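> mind folding the following:
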Amino acid sequence: MKEYKEERELTKSNILGNILFPSSEIQKRISELGKQITNDYKGKDVLMVSVLRGGVIFLSDLVKNIDLLLSIDFMSISTYGINGDSSGVVRITKDLDESIEGKDVIIVEDIIDTGLTISYLLRNLKSRYPNSISICTLLDRDIRRISAVDIRYVGFKIGEKYIVGYGLDYKQKFRNLESIYELNIDTVKKDIESLKNNSNFK
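Sure thing, here's the model as predicted:
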């Protein structure tokens, strides 16, 4: 048992770098976003749409800070890269369970990078006649933006760092970390190309 624990902690320490956003800072910012959304959407029929999987933890904490009657739904999207580029074909793998016609939709994302995936999602949802659509993202990496996106609510802006935790994963692990960490580039550099095509770069 002791050996297993030591091995697990060693693996974790080799992968994780510095804490970029501690849990206390994340929760403080989410509280601020929740109050802002509450004020902006009073009297509206609000539907929060989370993009699986990374956005779920953010959504869960965000809605607890919104003092409105609202609904929640989920979508899942796959991006097929072309020659290792994340600008490939986007396909919906799980669609919404309810109609958004006439509703005020807020898309909740963990991170927005190139803007290509969210632009596709916006075009798709706008064709379903919602009353309005806005975007709320925990992290905005606008330095790599390819497709212009109007993001109404932003938690934090980040640069070219590879990150993990609070919904963001490394090989589908570490989503459950309460803080957001930098990834140790020396450990994960062999996976950088694949990371560019997952939730860290979208």
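> give the contact list for residue 46.
Shown in contact with residue 46 (C-beta atoms under 8 Å, 6 or more residues apart in numbering): 66, 68, 69, 70, 71, 103, 104, 105, 106. In this view, the C-beta of every residue, glycine as well, is placed from N, C-alpha and C.
> ok, residues contacting the longest helix seen in the chain?
In terms of residue count, the longest helix belonging to the chain (DSSP state H) is helix 23-40. Under the criterion C-beta under 8 Å, 6+ apart, residues 58, 61-68, 106, 136, 138, 153, 155-156, 166, 178-180 lie in contact with helix 23-40.
> from the residues you listed, which land in helices?
58, 61, 62, 63.
> pretty sure the third one contacts residue 153?
No - applying C-beta atoms under 8 Å, one finds residue 62 not in contact with residue 153, separated by 9.1 Å.
> between these two, who's got more neighbours?
Shown here are residue 62 and residue 153; by other C-beta atoms under 10 Å, residue 62 has more neighbours (23 against 19).
> so how far is residue 72 from that one?
Residue 62 is 10 Å from residue 72, where distance means C-beta to C-beta, to the nearest Å.
> what is in contact with those two at once?
Listed as contacting both residue 62 and residue 72 by C-beta under 8 Å, 6+ apart are residue 48.
> what's the single longest strand in this protein?
The longest strand of the chain (DSSP state E) is strand 70-82.
> where does the residue positioned nearest the centre of the chain land in three-state SS?
Closest residue to the average C-alpha location of the chain: residue 110 at 1.3 Å, with C-alpha atoms, centre = their mean. At residue 110 the chain is in strand, as set by DSSP: H, G, I helix; E, B strand; the rest coil.
> surely it meets residue 138?
Yes - using C-beta under 8 Å, residue 110 makes contact with residue 138 at a distance of 5.4 Å.
> low-confidence ranges in the protein?
1-13, 80-88, 190-202 (pLDDT under 70).
> how many neighbouring residues does residue 24 have?
10.
> to clarify, my last question referred to residue 130.
18.
> quick one, what contacts it?
47, 100, 101, 102, 103, 104, 105.
> name the element the second one belongs to?
In the assignment (DSSP states H and E), residue 100 maps to no helix and no strand.
> without its sequence neighbours, what residue ends up closest to it?
residue 130 (4.5 Å; C-beta to C-beta, 6 or more residues apart in numbering).
> list the buried ones in the longest strand of the chain?
70, 72, 73, 74, 75, 77, 79 (16 or more other C-beta atoms under 10 Å).
> can you name the residues in contact with it?
Looking at strand 70-82 with C-beta under 8 Å, 6+ apart, the contacting residues turn out to be 46-53, 56, 59, 63, 86-98, 103, 116-117, 120-121, 196-197, 202.
> all strands of the protein, in order?
Under the criterion DSSP E, strands of the chain are mapped to 16-21, 46-52, 70-82, 85-94, 104-112, 132-140, 153-157, 163-164, 180-183.
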